[in-house]
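S.K.: Sequence and predicted structure, then a few things I'm wondering about:
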Amino acid sequence: MLPTSSSPLIATEHLIKRFGQKTAVNDVSFEVRAGEIFGFLGPNGAGKTTTIKMIVGLLQPSAGMVRVAGYDVQSQPLQAKAASGYVPDTPNLYPKLTGRELLRFVGDLYEVDPVQVGRRSEELLKLFDLDQAGDDPIDSYSHGMQQKTALAAALIHDPKVLVLDEPTVGLDPRSARLIKDMLRQMAERGAAVFLSTHILEIAERMCDRIGIINKGELIAVGSMDELRSLGKGETSLEDIFLSLTGGTEYAEVADVLR
Amino acid sequence: MTETSISLSQPNPALWRYVWKLLRLRGVILISEFRRAKLRRKIGMIFLGLLAIAGLVFAFVLSWLLLRFMRSPELAQFMGNTQPLLESMPTLVISAAFAAILITSFAVLLQALYLAGDMEFLLSAPVPIRAIFITKLLQATLPNFSLILLFGLPVLYGLGASGGYNILYYPLVLIVLALVALATAGLSSLLVMAVVRIFPARRVAEVLGFVVAILSFTCSQSGQFARYANVSQDQATQMLNLATRFNTPWSPLTWAGRGLVDIGEGRWPSGAGLVLLTIVITSGVFALSLATAERLYYSGWASVQISTGKKASARRNGAVQPRVAIAAPLRRLLPADVRGLIAKDWLMLRRDLRNMSQLITPLILGAVYALMLIRSGGQAPAGRGEAPAVFMEIMQNVMVYGNVAISLFVSWSLLSRLAALGFSLEGKNYWMVKIAPISIARLLGAKYLAAFLPTLALGWVFLVIISLVQRASPGTLIFGMLVVLLTIAGTAGLNLAFGVIGANFNWEDPRRVTQGGIGCLGALASFLFLGISLLLFFGPAVLLKMLGGPAAAGEFAGLALGGIVCLIGGFVPLWLVRGRVRCLGED
């Protein structure tokens, strides 16, 4: 791994988010360093997306702190946002803009030099195989194309921190592989990649460290080896995940049904 | 024979059981929607239902009145022999039914086949494909058919009763109308598929909505220009004779109409022949179009779009730079993020026809009122001449600024969309703006300018055109332009602030962006603000004029007074809501 730095590019400290009486995220603290791909796992409704939304500045935490590239997302939101890129699980993009126009718009929002935006847009569109559809309105794109456009938009300003919520959902194997390779390249160039996924195989193969959240609480963080040591002798991430999140009883039910 | 063709061509004995099942399913969904709706929505739905019933009663009464009019001696005096007109009534009603069902079922079928999203679910269910299509066609036909019956039956049955028609005439009228409706819906389904093969379904729906909205609004407003009292006898005769032109011998719709009249009047051979021909043709068209529609849909023909030359040539030419209508001076003045947001907002407004239909209505209103003002010659309406002289003098002095008032009314209507919905129109895409490093001041500034600049341009264009036609003095024009500038500046700020408070990002169709009570309050507040501003701008000038003083001094005083209030109105509300912008989109 080439450029690494000791200072974390993402850091959460005692992060809490409450929606009325319900605590969606409870006292979550972790760090993601430069050059690292961090996988964020958890069952449905565990608080993954809420945590991600607080990292990228979409949701205000009820308590605690989020730092992105060393900037406090609450008190220095502009600097923190300028350093990060985000790809949501559902890519809601302006339907009447074309792919090229969307990239140009995002470039303007991040105040990237127009010439650079033009050059980078073409590179990204070509990379994601969208150059032919670049002048079509986004509402004519398939889900996978929209997902790739959202990723291109997140990369247009070359962020130090990339946050992705279920990035491979709806993508064909070729595009999924492309994204995995690109995330690895970004990490090798010194960026911090934070991704949530339900595909444990991706997390196991791609991520340097993994965090598991359950019922709003971070129950395990570490490398695969460190997670294995937490479990009861399980070797695969799936077994560790089910053991930690209490999913093994479902496997037993499935056995009975069989 | 392939498996597909077998399933399509073999008659299924349980077909109508499935059709009934699917229709019942639709009914269950409607009832369930009503049961689960909030009380406010339930009351609204009941009110709409009552309104629809009132509309139907109105249609029924209107049809009776029309028939009475057709038989009135005054009309006979006007037109001479009304018999050809009366005999062409069945053809007229059938032609109207054909046209109305073709147009309305096009929109309903577009929704039902392509946009409702239930076709895949239904086609994958163990239900004959024909049952699905019949249900969709019935769904598209039934509501319009009931309306046509309500309009047409009183006329056709009244014609039969007054002409002493044979008893067979009455059930045949129903049968013929029903078959024409079904055949038309079948043709309409093919038309929908052919159009969607060329253009995306969503785009077709947008264009259709836009055209219907503009046409209906234009028609409703153009009535204000009509001078029915001035219609001459010749014009009336020509207009009524138009009805007989539908009676062309080559049209199958005429055969249906003539057949019914012949049956009614006891001309059995020709009547039976024409009615039988009608039944065969309509049943044939319905069956054929149903089978073709099923095949086209199931084979995928109707879902695969053919590429258009325009798109291909655009691709051949390589990257197309987005055309953003921001003038060069603005480009230099504004930061890139503000510029980007404005350009994006304008592109979205321009391209989404669902927005355009709402943006164009103020233009039509403005054009209508401007023409009315020009036609009146800028004079206050005299009325019955009972108003006090002082009042008439005030009115006359105020009318001098009528052009400004109309321009501002048009601008206010536009602002209620552009500024008040400036944030809401972002919809579910707002996350892109929220994660971007753009400050609240710049975000508000961008939204403000995106609403203010086009509204100002529109207000000025209206003002200049009306002033030129009215030959207003350059001084009055400049005064008017400043008033428009300042008032729009104030109203835009106020509208945008209310838009921030009532922002709603959770919608699918931009025409249905609602802001609830806050939206109504905002519209009221901005209209009140508009009234107060105009009073402050024009009050001193009108007062000085009436006292015999120089109008220019009054205009200067008005500009100072109104200007200060407008600048406060443009800035203070936005300053008050700045904290709320930070939390937008977190619900």
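M.R.: Everything's here; your move.

S.K.: can I assume B:Ser95 is in contact with B:Pro252?
M.R.: No. Contact between B:Ser95 and B:Pro252 fails when scored by Cβ atoms under 8 Å: they sit 10.3 Å apart. C-beta coordinates here come from the backbone N, C-alpha and C atoms, glycine included.

S.K.: ok, those two, which is more surrounded?
M.R.: Set B:Ser95 next to B:Pro252 and count neighbours by other Cβ atoms under 10 Å in any protein chain shown: B:Ser95 wins out with 21 against 17.

S.K.: Can you verify that one is assigned to a helix?
M.R.: Yes. Assigned with DSSP: H, G, I helix; E, B strand; the rest coil, B:Ser95 falls within a helix.

S.K.: How is the chain partitioned into domains?
M.R.: Going with chain A. Chain A is divided into the following domains under automatic domain parsing: A:8-83+A:160-257, A:91-158.

S.K.: oops, I was thinking of chain B
M.R.: Using automatic domain parsing, chain B is parsed into the domains B:80-221+B:248-299, B:330-583.

S.K.: so, in contact with chain A or not, the first one?
M.R.: I take that to be domain B:80-221+B:248-299. Yes. Using Cβ under 8 Å from any Cβ of the partner chain, we find that domain B:80-221+B:248-299 touches chain A at B:200, B:202.

S.K.: could you give the mean pLDDT of that domain?
M.R.: Averaged over domain B:80-221+B:248-299, pLDDT sits at 85.

S.K.: Check the last one too.
M.R.: Domain B:330-583 comes out with an average pLDDT of 85.

S.K.: so what does the helix or strand where B:Ala54 lies touch, helix or strand wise?
M.R.: Per DSSP states H and E: B:Ala54 is located in helix B:39-70. Here helix B:39-70 touches helix B:129-163, going by 3 or more Cβ pairs under 8 Å, 6 or more residues apart in numbering or on different chains; DSSP states H and E.

S.K.: so the helix holding B:Ala54 versus helix B:129-163, what angle?
M.R.: If you take axes from the mean of the first three to the mean of the last three Cα atoms, to 10 degrees, helix B:39-70 sits at 40 degrees to helix B:129-163.

S.K.: Quick one: mean pLDDT for helix B:39-70?
M.R.: On average, helix B:39-70 scores 80.

S.K.: swap in stretch A:152-163?
M.R.: Mean pLDDT, computed over stretch A:152-163, is 94.

S.K.: count of residues packed around B:Phe145?
M.R.: 24.

S.K.: What of B:Arg332?
M.R.: Using other Cβ under 10 Å, B:Arg332 has 8 neighbouring residues.

S.K.: With the one 10 residues further on instead?
M.R.: When counting by other Cβ under 10 Å, one arrives at 25 neighbours for B:Ile342.

S.K.: Give me the spatial nearest neighbour of it, chain neighbours excluded.
M.R.: Distance criterion Cβ to Cβ, 6 or more residues apart in numbering or on different chains; nearest residue to B:Ile342, sequence neighbours excluded, is B:Ala450 at 4.6 Å.

S.K.: list the helices and strands the helix or strand that contains that neighbour packs on?
M.R.: Under the criterion of DSSP H and E, B:Ala450 resides in helix B:440-470. Judged by 3+ Cβ pairs under 8 Å, 6+ apart, the packing partners of helix B:440-470 are helix B:336-351, helix B:353-375, helix B:402-418, helix B:474-501, helix B:551-583.

S.K.: looking at the domains of chain A, which is buried most?
M.R.: domain A:91-158 (a mean of 20; mean count of other Cβ atoms under 10 Å in any protein chain shown).

S.K.: Identify the residues contacting the nearest residue to B:Ala446 once chain neighbours are set aside.
M.R.: Counting by Cβ to Cβ, 6+ apart, B:Ala446 lies nearest to B:Leu341, which is 3.8 Å off, once chain neighbours are set aside. For B:Leu341, the contacting residues are A:105, A:108-109, B:433, B:438, B:443, B:446-447, B:450, by Cβ atoms under 8 Å, 6 or more residues apart in numbering or on different chains.

S.K.: Thought B:Gly366 was touching B:Gln221, still the case?
M.R.: No. Judged on Cβ under 8 Å, B:Gln221 makes no contact with B:Gly366 at a distance of 10.4 Å.

S.K.: who has more neighbours, those two?
M.R.: B:Gly366 (24 against 15).

S.K.: List the contacts of the closest residue to that one other than its chain neighbours.
M.R.: Leaving aside its sequence neighbours, B:Gly366 sits nearest to B:Val410 (Cβ to Cβ, 6+ apart; 3.4 Å). Listed by Cβ under 8 Å, 6+ apart, the contact set of B:Val410 reads B:362-363, B:365-366, B:369, B:458-459, B:462.

S.K.: any idea how far B:Val410 lies from chain A?
M.R.: Separation of B:Val410 from chain A (Cβ to the nearest Cβ, to the nearest Å) stands at 25 Å.

S.K.: now B:Ile167, what's its secondary structure?
M.R.: With three-state DSSP as the criterion, B:Ile167 reads coil.

S.K.: My error: substitute B:Lys545 in the last question.
M.R.: Criterion first, three-state DSSP; result for B:Lys545: helix.

S.K.: tally of neighbours for it?
M.R.: Neighbours around B:Lys545, by other Cβ under 10 Å: 19.

S.K.: same check, this time on B:Val207
M.R.: Neighbours of B:Val207 (other Cβ under 10 Å): 15.

S.K.: Any idea what the most centrally placed residue in chain A is bridged to?
M.R.: For chain A, A:Leu164 is the residue whose C-alpha lies nearest the centre (Cα atoms, centre = their mean; 2.1 Å). Assessed by DSSP bridges, A:Leu164 has beta-bridge partners A:Val87, A:Leu195.

S.K.: on that earlier part again, mind putting the domains of chain B into CSV with distance to B:Leu66?
M.R.: Shown next, in CSV, are these (distance: least, Cβ to Cβ, whole Å):
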stretch, distance to B:Leu66
domain B:80-221+B:248-299, 6
domain B:330-583, 28
